[in-house]
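A.B. asks: Okay, sequence plus prediction incoming.
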Amino acid sequence: MTETITRWTNTATAPEGFKQFAVDVRRQRQPVCVECARVFDLMDNEDAQDWFYGHDCEA
């Protein structure tokens, strides 16, 4: 997937709107808990569940 994004963002063969989408995805930051400073990778199922449904931080 990453090489597909890289290939499409570097050529004129990318689908309409895909270049801007890829740029927007790269600009996003991973969410961070303000209490315990844990960084959540939302592409990881367990981290995503902890972020959206709450987690037990030690703060």
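C.D. replies: Structure received. Numbers count the residues shown, from 1 in each chain.
A.B. asks: now the end-to-end length of stretch 43-57.
C.D. replies: Stretch 43-57 has its terminal residues 20 Å apart, counting by CA to CA, to the nearest Å.
A.B. asks: which outside residues touch that stretch?
C.D. replies: Stretch 43-57 is contacted by residues P31, C33, E35, C36, R38, F40, D41, L42 when judged by CB atoms under 8 Å, 6 or more residues apart in numbering. Any C-beta I mention is one placed from the backbone N, CA and C, and that applies to glycine too.
A.B. asks: where does the chain have its least confident helix or strand?
C.D. replies: helix 2-9 (a mean of 56; mean pLDDT, DSSP states H and E).
A.B. asks: follow-up on the earlier one: and which of the contacts of stretch 43-57 is nearest F18?
C.D. replies: L42 (20.6 Å; CB to CB).
A.B. asks: how about the strands in this protein?
C.D. replies: Ranges of strands in the chain, per DSSP state E: none exist.
A.B. asks: Where does pLDDT dip in it?
C.D. replies: 1-14, 22, 25-26, 59 (pLDDT under 70).
A.B. asks: Mind checking which of the contacts of stretch 43-57 are buried?
C.D. replies: R38, F40 (16 or more other CB atoms under 10 Å).
A.B. asks: May I see the contacts of stretch 43-57 organised as CSV, with distance to D24 added?
C.D. replies: Shown next, in CSV, are the contacts of stretch 43-57 (distance: CB to CB, whole Å):
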residue, distance to D24
P31, 16
C33, 24
E35, 28
C36, 28
R38, 24
F40, 19
D41, 18
L42, 15
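A.B. asks: Just the closest of the contacts of stretch 43-57 to K19, please.
C.D. replies: Once CB to CB is applied, the member of the contacts of stretch 43-57 that ends up nearest K19 is L42, at 22.4 Å.
A.B. asks: I am finished for the moment; much appreciated.
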